[in-house]
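Asks: structural data only, the sequence is not supplied:
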């Protein structure tokens, strides 16, 4: 859930930096991205995000929370953010390859399984990362260069 929420926050920030993604992305690339978005359903992504959030909401509040969250969620902003990020980071050929993959039965299966996969990987990633940070900080302290990580 954290990764998905972080993903949405980052996308939202990218929209703030790029006022109109449609105007800054070449038409051919924008068309390819829109085709991808027809395959990679934003509605499905929103449903997955909400399902993860709802796990943290008390059962008696879920229906009201869900309705409030959905009414506050700006799908247009998300779509613009996705378009902007894809335009900036992927070539037309890469976008078409993503569209082809996620349009296939295997790609659809991967997308359904991805939230569970990420959730299962998160503890390992966090543990390994934290141990490496701790070890690096200990080494810095031994060398007399004690520093704190920026927040």
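Replies: Received the coordinates, thanks. Here the structure is a predicted model, which is why all the values come from computation and not from measurement. Numbering: from 1, shown residues only.
Asks: for this structure, what spans make up the strands?
Replies: Remark: strands of the chain are absent; assignment by DSSP state E.
Asks: what ranges do the helices span in it?
Replies: Ranges of helices in the chain, per DSSP state H, are 2-17, 21-24, 27-39, 42-54, 62-72, 75-89, 92-103, 105-142.
Asks: buried residues, the fourth one. List them.
Replies: Meaning helix 42-54. Residues 45, 46, 48, 49, 50, 52, 53, 54 are the ones in helix 42-54 that count as buried (16 or more other C-beta atoms under 10 Å). In short, each C-beta sits where N, CA and C put it, glycine included.
Asks: now, which of the residues you listed sits nearest residue 117?
Replies: residue 48 (12.1 Å; C-beta to C-beta).
Asks: before we move on, back to that, in CSV: the helices of the chain, plus mean pLDDT.
Replies: Listed next are the helices of the chain as CSV, based on pLDDT from 0 to 100:
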stretch, mean pLDDT
helix 2-17, 47
helix 21-24, 59
helix 27-39, 93
helix 42-54, 86
helix 62-72, 94
helix 75-89, 92
helix 92-103, 96
helix 105-142, 91
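Asks: wait, doesn't residue 54 sit right on residue 65?
Replies: Yes. Counting by C-beta atoms under 8 Å, residue 54 touches residue 65, with 7.3 Å between them.
Asks: from residue 31, how far out is the nearest residue to residue 115 once chain neighbours are set aside?
Replies: Among residues not flanking residue 115 along the chain, residue 48 sits closest, at 5.3 Å (C-beta to C-beta, 6 or more residues apart in numbering). Distance from residue 48 to residue 31, counting by C-beta to C-beta, to the nearest Å: 26 Å.
Asks: how about residue 107?
Replies: 20 Å.
Asks: looking at those two, which one has more neighbours?
Replies: Neighbour tally, residue 107 and residue 31, criterion other C-beta atoms under 10 Å: the higher count belongs to residue 107, 16 against 13.
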